[in-house]
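Colleague: Okay, sequence plus prediction incoming.
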Amino acid sequence: MKKFFLTAFAALFLLNAQAQTDANMGIIPAPVSVQKGSGSFILDKNVVLLNSNPKNAKIAETLRSFVATKGLNLKLVKTLVAGQKAIELTSTGADQLPNEGYQIKISSGKIKLIGKDAGLFYALQSFMQLVPDQKQAGAINIQNAEINDYPRFSYRGLHLDVGRHFFPLSFIKKYLDVMAQYKLNNFHWHLTEDQGWRLEIKKYPKLTEIGASRNGTIIGNYPGTGGTDNQVYKGYYTQAEAKEIVAYAAARYINVIPEIELPGHGSAAIAAYPELSCFPDRDTPIGDKTPWSGPRNGKQVQQTWGVFDDIFVPSENTFNFLQDVLDEVIAIFPSKYIHIGGDEAPKKYWKESEFCQQLIKEKNLKDEHGLQSYFIQRIEKYLNGKGRSIIGWDEILEGGLAPNATVMSWRGEKGGIEAAQQNHDVLMTPGSNGLYFDHKQSTSEDEPLTISGRGNGYADFIKVYNYNPVPDVLTEDQKKYIKGVQANLWTEYIETPSKAEYMVFPRIYSLAEIAWTPLARKDMNNFSNERLPLHLARLDQTSTNYWVPTAVGQPSKIINGENHVITLAAAVLGAKVYYTLDGYRPSENAAEYTQPLNINVPQGTKKVLKTIVITPSGKRSVVAETILNNGATDAKVK
C-alpha cells in the first residue's frame, strides 16, 4: 500500500515512473495496441525534429513547443545526417491505416509518428501524453515501443449549452483544446434556448437585440423559490466570433455542430418575433409546475428552467423564418450535420390552435405528433437540399422519423435502439448512463447545486467508464448504425467556466475512452489506478478546476460487522487522504491516512468514517461518509 505523505520530488518521480510502466504508457484514451520493447530513446539536446512535408508544419511546431516546455530545443530539419537521433513526422504509409489511425514507433535511434491529417494530429496527442514529466541529467528517457491506434467510433462528441448561461470565446477555445487532447472530434454547440438566443442572425436582428437578454434568472433549485434575481442576463456570439470558433476547432480536427432548437424551446425567438407563436397575443406561459412572481406582459425570454407550452407555429411564415435562419447558420458552419433539437415540444398550443388543427386535416396527419413529424421533415428536406443532414433528439421518432435523420438518444437507450432497428444512424448520449455531465458526481452534501429531474441519481467517472454505447439487444447489422457517443453539459446551474470545468473533469477522460478504445481493450483497473492519477496530477498543476475523486477503496453507504480493515488511496498522485471517526468533518487537521485502517465497532454501536482528499495544489474532494454499524438502530445515511 502506498503512503501519501509524498514530497513534491517523490510525486514527480511517480509521474515519470508511471508513464513508463503503465501498460498503456499513460495514454488516455487507451490505444488499440501497445507493444513495449527493451531499451529506450533518450530525448536530449542532440535530438532533431525531422519533417519534410510542409502540410505537417503546424504539428511540427506544436511538437517543438511541447518539448521546449521540458527545457529542450528541437532543431527542425528536412534530412538527417548519418547517426543523427530524431523524432520524425511522416505520412508515408498512413494510407494503409484506418481513418484517423496512427502509429508511433519508438526505438533507441528514432521516434516515428506516422499518420495523415487527424491521424498524425492524434499521434502527437498520444506522444505528448506518454513523454515523462521528469528529466534525468538533462534528458528524458522514453521506453521503446510500437503503438498502433484508431478509433472505435467515428463520432466522439462533447456538448455545451450556452443558452442558459453564456461562456466567453476564451473558454470555448479551452474546451476545444481539451477535446482535441483526448481525441474527441465533434463539438455540439447548443446555441438557442427558451432562456437565450446566442447567435447573431443578420436578417433578424431582434433575435439578439431581444432574444439574447432575459430580465432575471431563477433563484435556487428547480422549480425554484418563486422568484428570480431580477438581474439582466445577456450575451451572444457575432457571426465573426462563431466563424473564429469554427476555424479554431478545424485546426484541431474538431467539427462544430450548431443546434437551432425547433419546434420547442423557442421562447427567446418568440419573444423577439411573437408571430412565430400560435397565439402571438398571449402572455408567455411559464409551465404548469413553475412558480412565478414576475410580470405577465406579453412574450418574454424565460427566466426559469423547464419546458414551456409556447412553441413555433407550423405556418409558412415560421418555415420561411427558420429557412432564413438556417441559411445564415450553414454559411457559418461547414458541418455536414445541423442539430435541430426536436425535443420537449408540448402540443398544448397546437391542440388549441384552429390553424394547427386545420393543418392536421389538410395534411392527413394522425395527430399533433404527426404534425411534429411534418415539421421536422420539412426542415430536413430543406437542409438536405442544401447538402446538409439533420440530427435530432430522440423525440423526433414520435409521429414518424424523418427519412435521413440521425437520432441522438438521450432519454435512455430506447430511442437509439428503435432508430437503429429502423436503419437510422444513432448517437448515444443517455442521461441515465452517466453522459449528462450536469449531474452530480456523488451523493455528498458538498456537491454544488445541479438541475434535478434529469436521469437517475449521480454519475461519477466510473459510471461513465462502464457504459457501452452499443446495446446488446441489437443485431450485428443493427449495431453498425451506432455511429458514436456524446456527453452533454447543460448549464442551468453552471454559471461560470470554473464550474463547467468542475463538472467535466475527470468524466471527460472516461468519455474519451468509451468513444475511442475498443471494448476488449477497456480496463477499469488500469484506467483508475494507473492513468487517471497521472492525468489528474498533471491537471492539478494547472489553473483548471476539477472534481477531485473521493478516496479510492472507501466502502459506500453502510457496512455491517464488528471488525473492519479499510484500505484507501488517492486518485491523484501526490494527494493525501485525511479521515475522522468522531463524527466531525475531516480537513488537513484530521488524521492522515498512511496505512490500512483497523476499525473495531462494539456491539450495539456504530462509527462513521469520513474522508477527504486534498491535492498538492490544495484542491479538495467532497467529504465521503461510510457508516460502520454493529447492531445500532440509528445507523442511517444522510
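Modeller: Arrived safely, thanks for sending. Predicted model only: the values in this text are computed from it and were never measured. Numbers count the residues shown, from 1 in each chain.
Colleague: what packs against the helix or strand containing residue 608?
Modeller: Take DSSP states H and E as the rule and residue 608 turns out to sit in strand 605-614. Using 3 or more CB pairs under 8 Å, 6 or more residues apart in numbering; DSSP states H and E as the contact criterion, the secondary-structure elements in contact with strand 605-614 are strand 576-580, strand 597-600, strand 624-630. Bear in mind the C-beta positions are built from the backbone N, C-alpha and C, glycine included.
Colleague: Kindly reformat the ones you listed as TSV and extend each row with distance to residue 427 and mean pLDDT.
Modeller: Supplementary listing: the helices and strands packed on strand 605-614 in TSV, determined by distance: least, CB to CB, whole Å; pLDDT from 0 to 100:
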stretch	distance to residue 427	mean pLDDT
strand 576-580	39	98
strand 597-600	45	96
strand 624-630	34	95
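Colleague: what would these look like in JSON lines with mean neighbour count and distance to residue 511?
Modeller: What follows is these, written out as JSON lines (neighbours: other CB atoms under 10 Å; distance: least, CB to CB, whole Å):
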{"stretch": "strand 576-580", "mean neighbour count": "21", "distance to residue 511": "26"}
{"stretch": "strand 597-600", "mean neighbour count": "13", "distance to residue 511": "33"}
{"stretch": "strand 624-630", "mean neighbour count": "21", "distance to residue 511": "23"}
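Colleague: Adding distance to residue 200, write those strands out as CSV.
Modeller: Written out in CSV, the entries for the helices and strands packed on strand 605-614 read as follows (distance: least, CB to CB, whole Å):
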stretch, distance to residue 200
strand 576-580, 49
strand 597-600, 59
strand 624-630, 46
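Colleague: Which one of those strands lies nearest to residue 468?
Modeller: For these, distance to residue 468 was read as CB to CB. The smallest value, 27.2 Å, belongs to strand 624-630.
Colleague: What lies in contact with the closest one?
Modeller: By CB atoms under 8 Å, 6 or more residues apart in numbering, the surrounding residues in contact with strand 624-630 are 442, 444, 550-551, 554-562, 564, 566, 599, 601-612, 635-638.
Colleague: roughly how far is stretch 129-145 from the heart of the chain?
Modeller: Centroid separation between stretch 129-145 and its chain, computed with CA atoms, centre = their mean, to the nearest Å, is 30 Å.
Colleague: What residues sit buried inside that stretch?
Modeller: Of the residues in stretch 129-145, those buried by neighbour count under the rule 16 or more other CB atoms under 10 Å are 129, 130, 131, 132, 133, 139, 140, 141, 142, 143, 144, 145.
Colleague: what bits of the stretch 451-600 of the chain have low per-residue confidence?
Modeller: Applying pLDDT under 70 to the stretch 451-600 of the chain flags the ranges 452-457.
Colleague: what does the stretch 251-400 of the chain give?
Modeller: When the per-residue scores of the stretch 251-400 of the chain are filtered using pLDDT under 70, the ranges that remain are 285-297.
Colleague: Just the strands from it, written as ranges.
Modeller: Under the criterion DSSP state E, counting those that start in this stretch, the stretch 251-400 of the chain contains strands at 255-262, 337-341, 389-393.
Colleague: With residue 500 as the reference, name the closest of those.
Modeller: Closest of the strands of the stretch 251-400 of the chain to residue 500 is strand 255-262, at 17.3 Å (criterion: CB to CB).
Colleague: Can you list the strands that that closest one pairs with?
Modeller: Strand 255-262 pairs in its sheet with strand 186-190 (parallel), strand 337-341 (parallel), by DSSP bridges.
Colleague: In CSV, list the C-alpha atoms belonging to the first one.
Modeller: Once side chains and other backbone atoms are set aside, the C-alpha atoms of strand 186-190 remain, and they are given as CSV (Å, rounded to 0.1, in the frame of the first residue of the first chain):
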residue,chain,number,x,y,z
ASN,A,186,-17.4,16.8,-32.6
PHE,A,187,-18.3,19.9,-30.6
HIS,A,188,-22.1,20.2,-30.3
TRP,A,189,-22.8,23.9,-29.7
HIS,A,190,-26.3,24.4,-28.2
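Colleague: Indicate which one of the strands paired with strand 255-262 is closest to residue 589.
Modeller: Ranking the strands paired with strand 255-262 by proximity to residue 589 (CB to CB) places strand 186-190 first, at 43.2 Å.
Colleague: What's the mean pLDDT across that closest one?
Modeller: Across strand 186-190, pLDDT averages out at 98.
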